[in-house]
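Chemist: Here is the input, now give the coordinates:
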Amino acid sequence: MNGLTPIRTVRLVGAMIAIIGMIFVLVSRVLTAVLAIATDAIHLALARYSNFTGRIASRNFAEDKQLLAMVKDVNALLPTAETALTILLVIGILILLVAVVCIAFPKQAVHVLVALRLLKWDMVEPMEGLLDDAEPVVATPLSKRTKITIAGCSAGIVLLVVLLAVFSGFSERQQVANVESALKDMQDWAAGYVDAQKAYFARNNDIGGPKSLQLPDTAQTDYFKYKVTGSRFVAENKVQLGSCAAGNKWTVSSSTKGFFTKELVLYRSLPKDTACASLTPEFKNIGRHKKNATPEKP
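Modeler: Below you'll find the predicted structure:
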């Protein structure tokens, strides 16, 4: 490392600064991915407690009440976390810009670094074109501490790359888990509609609309949007779920049959796309019991 010229020294310092900037950027990207997973989990939890069965659980069970309160608290912190990650990314980009300036304009950068006392001059042979002949200097060779710093930064980069590879695999598994959770949540919404319709029919011998069933007429989560009308429940996926394209619909339709004695009839329909239908093989059994108090058509 001895005999480094000013230009080489500044470019080496610029490379070190670039490594630090990349660490900031990579950390911000990793934390952004973690935040995205956390955001999906929070939204799914809020959606879970906004449906029929979730509202009942949050009103009657202490654990669900506590969990819902925690989810709301974390949800309130998400904007602050997003702002902090944006600041971290901006800092990383600014550090990278400083590194680019050091590497692209080493003659000017060397004077700045000396002025900031990050480097100092040693009297040796003059370097033509860099300084006046009256100041024959080059930058001081890197100290042992600086070499250790460079080695530490390099080890940090290697470690970060390994962590990113591990996190990538975890992210894929988490995405699959989120899809499975979203499908379960959708089926819970459908089950809530079936149970509410059965309960209303038992009391009024008729089919109820969303207001009578105490259900929202429209709602949506990150994965599904829901619609409840006077005789129908519809769940439509907003995003692709594995090989299931967006825009497919799961429905539960309600009707009555009979004149003197009415019966409630429920039709459960899977999407025509077999890739979507295969995701929820139990959908057609939602709300069914071995012994139905209210007869229904398969």
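Chemist: can you pull the buried residues of stretch 255-266?
Modeler: 264-266 (16 or more other C-beta atoms under 10 Å). All C-beta spots, glycine's among them, are computed from the backbone N, C-alpha and C.
Chemist: Quick one: distance of that stretch to the chain centre.
Modeler: Centroid separation for stretch 255-266 versus its chain: 46 Å, with C-alpha atoms, centre = their mean, to the nearest Å.
Chemist: With stretch 38-49 instead?
Modeler: In terms of C-alpha atoms, centre = their mean, the centre of stretch 38-49 is found 11 Å from the chain centre.
Chemist: List of residues touching it?
Modeler: 54-55, 57-58, 64, 67-68, 71-72, 74-75, 78, 178, 181-182, 185, 188, 219, 221-222 (C-beta atoms under 8 Å, 6 or more residues apart in numbering).
Chemist: returning to what we had before: I'd like the buried residues of stretch 255-266 as a markdown table, with distance to Trp250 appended.
Modeler: What follows is those, written out as a markdown table (distance: C-beta to C-beta, whole Å):
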| residue | distance to Trp250 |
| --- | --- |
| Leu264 | 19 |
| Val265 | 18 |
| Leu266 | 13 |
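Chemist: and the residues you listed as TSV, adding secondary structure, distance to Gly247 and pLDDT?
Modeler: Below are the buried residues of stretch 255-266 laid out as TSV (DSSP: H, G, I helix; E, B strand; the rest coil; distance: C-beta to C-beta, whole Å; pLDDT from 0 to 100):
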residue	secondary structure	distance to Gly247	pLDDT
Leu264	strand	30	89
Val265	strand	27	89
Leu266	strand	24	90
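Chemist: Out of the residues you listed, which is nearest to Leu35?
Modeler: Leu266 (40.6 Å; C-beta to C-beta).
Chemist: which strand residues sit across from the closest one in the sheet?
Modeler: Ser254 (DSSP bridges).
Chemist: From Gly208, how far off is it?
Modeler: As judged by C-beta to C-beta, to the nearest Å, Leu266 and Gly208 stand 13 Å apart.
Chemist: Need the overlap of contacts for those two.
Modeler: Joint contacts of Leu266 and Gly208 (C-beta under 8 Å, 6+ apart) are Gln197.
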